[in-house]
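In: Provided below are the primary sequence and the corresponding predicted coordinates.
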Amino acid sequence: MKKTAAASSSAPATPSIPATPAPAARGGRVSRLSQLTVPSMPQSVASTAAKSSFSQAPSTALVPPPPLAVKKDPKLANNWKTKTPAELSDAEVIAMPDDEYMNDKQMAFFRLKLEELKRGILENAGETTEHLREDTVVVPDPADRATIEEEHALELRTRDRERKLLKKIEQSIQRIDAGDYGYCDETGEPIGVGRLLARPTATLSLEAQQRRELKQKMFGD
């Protein structure tokens, strides 16, 4: 018994490896790193800051741009007196005096422009019908068939937008017949020749249109 005790006392003791200290050490490092990071702001403060940043950001984007002035050429101011509505150019109509706004010749000029736009839309609709009729043949290749169907869908979407525009064109022609064409529906002020040349179906002045778009962005109405 003594020899056994002596042998056990002389043998080198094997170090015991604890099972839990290693995760504890890693946990200690994580806790120390978390102490070094910047603490997050309270939830109430964060929500207040987010609301303020959200409310401040759109305010600059919703400011309408200033209206652009239309340049008039004084040399063309009297050309409308000697030309028919079909012979007038856009520059000559812009150069007409302000007191001649929406006179008979200007009304006739915009009627011709609206009728030409209407005729182009109807021609496009007829071409689309012909394309759909010609492409009724079944294409065996799936890739080619998918391409044709995508082209048809795109063309139909374009025709749908033109159909809505056609309705506005007809309403504008009716406004010309009633003598209301060229004046804002909301304010009664002149829409302006420059705006009508760019958008013949316009029913609002530039300022009224900007106010409506601003209201839609703010209130979704």
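Out: Right, received. Where do you want to start?

In: Return the helix or strand in this protein with minimum mean pLDDT.
Out: Every helix and strand of the chain was ranked by mean pLDDT, DSSP states H and E. The lowest is helix 43-61, at a mean of 39.

In: List the buried residues for the helix or strand following that one?
Out: Under the assignment DSSP states H and E, the closest C-terminal helix or strand after helix 43-61 is helix 90-94. Using 16 or more other C-beta atoms under 10 Å as the test for burial, helix 90-94 gives Glu92, Val93, Ile94. For every residue, glycine as well, the C-beta is placed using N, CA and C.

In: and if you look at stretch 77-95?
Out: Asn79, Trp80, Pro85, Leu88, Glu92, Val93, Ile94, Ala95.

In: State the mean pLDDT of it.
Out: Stretch 77-95 shows a mean pLDDT of 93.

In: what does stretch 162-178 give?
Out: Per-residue scores along stretch 162-178 average to 92.

In: got it, and stretch 199-214?
Out: The pLDDT scores in stretch 199-214 average 92.

In: so what does the lengthiest helix in the chain touch, helix or strand wise?
Out: Criterion DSSP state H: the longest helix present in the chain is helix 142-178. Where contact means 3 or more C-beta pairs under 8 Å, 6 or more residues apart in numbering; DSSP states H and E, helix 142-178 is packed against helix 104-134.

In: helices and strands around the helix it packs on, which ones?
Out: Against helix 104-134 (3+ C-beta pairs under 8 Å, 6+ apart) you get helix 142-178, helix 193-198.

In: For the last one, list the C-alpha coordinates in CSV.
Out: I take that to be helix 193-198. The C-alpha trace of helix 193-198 is given here as CSV (Å, rounded to 0.1, in the frame of the first residue of the first chain):
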residue,chain,number,x,y,z
VAL,A,193,-50.5,78.6,-76.0
GLY,A,194,-47.1,77.0,-75.1
ARG,A,195,-48.7,74.5,-72.7
LEU,A,196,-51.5,73.7,-75.3
LEU,A,197,-48.9,73.1,-78.0
ALA,A,198,-47.1,70.6,-75.8
